[in-house]
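Enquirer: How does the following fold in three dimensions:
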Amino acid sequence: MSTSETSRYVRLRVEVVLEIDGPEELTEAAVGRIDTDEFMPEDERVHARSAVHEDSAEALAYLIEPFDLVRQVPGIELVQASWTSEEVDYDPDAQEWDLDEEDEVDEDDTERV
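Expert: Below you'll find the predicted structure:
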């Protein structure tokens, strides 16, 4: 397939499960990020501080920056990014958490954007 026949755009999906073993440190870091965000309006800042104190997943969402995942990759430009963070029940032995089976991608499952 020549370059002109392939899409210039690729959707990269990454799923990560994290264990939060220092919720206070996580909250403190998120509040620090919120406090130094020069573009966040004050009323939103008050709401954000409250949210990160109540929910570790919310705190994590304020600290993750998708651009950091690809910043050093040559030949690409980040066009769009979105991410979510939620608390989940995690059982590493459960079938639903077996990430190895997702590695076997069928050609029909490949998504082009």
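Enquirer: Now the spatially most central residue of the chain: which helix or strand?
Expert: By C-alpha atoms, centre = their mean, the chain has its centre lying nearest to Trp83, at 4.3 Å. Assigned by DSSP states H and E, Trp83 belongs to neither a helix nor a strand.
Enquirer: which ones are touching it?
Expert: The contact partners of Trp83, taken as C-beta atoms under 8 Å, 6 or more residues apart in numbering, are Ala61, Ile64, Pro66. (Glycine included, C-beta is placed from N, CA and C.)
Enquirer: Next: Arg33.
Expert: Arg33 neighbours (C-beta under 8 Å, 6+ apart): Tyr62, Leu63.
Enquirer: what about it, distance to Tyr90?
Expert: 25 Å (C-beta to C-beta, to the nearest Å).
Enquirer: and what of Phe67?
Expert: With distances taken as C-beta to C-beta, Phe67 is found 27 Å from Tyr90.
Enquirer: Pick out whichever of the two has more residues nearby.
Expert: A direct count of neighbours by other C-beta atoms under 10 Å for Phe67 and Tyr90 places Tyr90 higher, at 11 against 8.
Enquirer: For the helix or strand bottoming out on mean pLDDT in the chain, what is the distance to the chain centroid?
Expert: Lowest by mean pLDDT, DSSP states H and E among the helices and strands of the chain is helix 66-70, with a mean of 88. How far helix 66-70 lies from its chain's middle: 9 Å, per C-alpha atoms, centre = their mean, to the nearest Å.
Enquirer: Can you name the residues in contact with that helix?
Expert: Leu12, Val14, Ile76, Leu78, Ala81, Ser82, Trp83.
Enquirer: Relative to Leu26, which of those residues is nearest.
Expert: Trp83 (16.0 Å; C-beta to C-beta).
Enquirer: number of nearby residues for Val52?
Expert: Neighbour tally, Val52, other C-beta under 10 Å: 24.
Enquirer: so who does it touch?
Expert: Val52 neighbours (C-beta under 8 Å, 6+ apart): Thr27, Ala30, Val31, Ile34, Glu58, Ala59, Tyr62.
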